[in-house]
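A.B. asks: Return a 3D structure for these sequence lines:
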Amino acid sequence: MNGNRATRWGEGTSADLVADAHALGVMKASPRMVTSWVEDGMLASPEPRKTSAHGSDPRVFPPEQRELFTRLLEARERSPLGRIPQRSLIRVVLYLWLIDDTIVLTPQARRAWRTHARATGQTTAVRRSENVRAIVEQLAHPSATFKQRRAAQLALEEGERTGRIDIDRLTAVLTELYSPWPAQPGLPRIERALAGPFGPVPVQHHIAMWKAREQTIRRLPCRGDGTPQTGALTARGRSPTSWSNFSGNAVPVRCHWTAAPA
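C.D. replies: Numbering: from 1, shown residues only. Predicted coordinates:
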């Protein structure tokens, strides 16, 4: 974030963060919202501050966290979408944890990983059905029958719902959908491919992408509660440690399996 964040931003209480949000026009911000962000790993836990012998002042967030709160709100407000899911902002927090030792510390990142892991793969039944129908329509050859389309839809919906994939079944139904003609006796099956940015894209490409997504989610380096194991901490240690020398795209993102354009 800003190189001059220490001079521009001072520490602040939960009430100060709410005031910052109101200044941005986010009038729905409240102390409860700040608490929710802490619980989800969007913010670090505020630190105690004792200024007298008879008690302590409200807990405060360090300058880096106060700026993080504002920047996340600004990014959310800039989006052309009506509502940005919390899981999308969580990816920004994890990105910062990977590349900077001063903004997001590991205790906060553990909560962020838990939130991210719990949200990964969560979609409604209606949304899954809509996605699957769109994929079937993109992959289907014009001569594909209703039976072939239906078989592909059922296989895809099961994979979306369970997060597991039957490669043999998916290969069979998508091949029939993609190239709906019988093989000639004694001859290899003729299979079509759609045009892609780097050449023809056969159905095997889409199946491989689906399998890669399943394996990625299954191997997410988290325990049952979603917090990172040693593997995640090791990966972070190998990541660049400043904005200036970061040249890759390390934002943790959920892979979406989509068909190539026809």
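A.B. asks: List the residues that contact Y178.
C.D. replies: With contacts defined as Cβ atoms under 8 Å, 6 or more residues apart in numbering, the neighbours of Y178 are 139-141, 191-192, 202-203. In short, each C-beta sits where N, CA and C put it, glycine included.
A.B. asks: Quick check on these: which are buried?
C.D. replies: Buried members of the contacts of Y178, counted by 16 or more other Cβ atoms under 10 Å: 139-140, 202-203.
A.B. asks: hang on, the earlier thing: got the contacts of Y178 as JSON lines, with secondary structure, distance to W210 and pLDDT columns?
C.D. replies: Formatted as JSON lines, the contacts of Y178 follow (DSSP: H, G, I helix; E, B strand; the rest coil; distance: Cβ to Cβ, whole Å; pLDDT from 0 to 100):
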{"residue": "L139", "secondary structure": "helix", "distance to W210": "12", "pLDDT": "90"}
{"residue": "A140", "secondary structure": "coil", "distance to W210": "16", "pLDDT": "92"}
{"residue": "H141", "secondary structure": "coil", "distance to W210": "19", "pLDDT": "93"}
{"residue": "E191", "secondary structure": "coil", "distance to W210": "17", "pLDDT": "89"}
{"residue": "R192", "secondary structure": "coil", "distance to W210": "19", "pLDDT": "89"}
{"residue": "P202", "secondary structure": "coil", "distance to W210": "14", "pLDDT": "89"}
{"residue": "V203", "secondary structure": "helix", "distance to W210": "11", "pLDDT": "88"}
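A.B. asks: Redo those as JSON lines? Include distance to I165.
C.D. replies: Formatted as JSON lines, the contacts of Y178 follow (distance: Cβ to Cβ, whole Å):
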{"residue": "L139", "distance to I165": "16"}
{"residue": "A140", "distance to I165": "19"}
{"residue": "H141", "distance to I165": "22"}
{"residue": "E191", "distance to I165": "20"}
{"residue": "R192", "distance to I165": "23"}
{"residue": "P202", "distance to I165": "18"}
{"residue": "V203", "distance to I165": "14"}
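A.B. asks: Show me which of those residues is closest to R118.
C.D. replies: L139 (30.8 Å; Cβ to Cβ).
A.B. asks: looking at it, that closest one is touching L177, isn't it?
C.D. replies: Yes - look at L139 against L177 with Cβ atoms under 8 Å: they come within range, at 5.6 Å.
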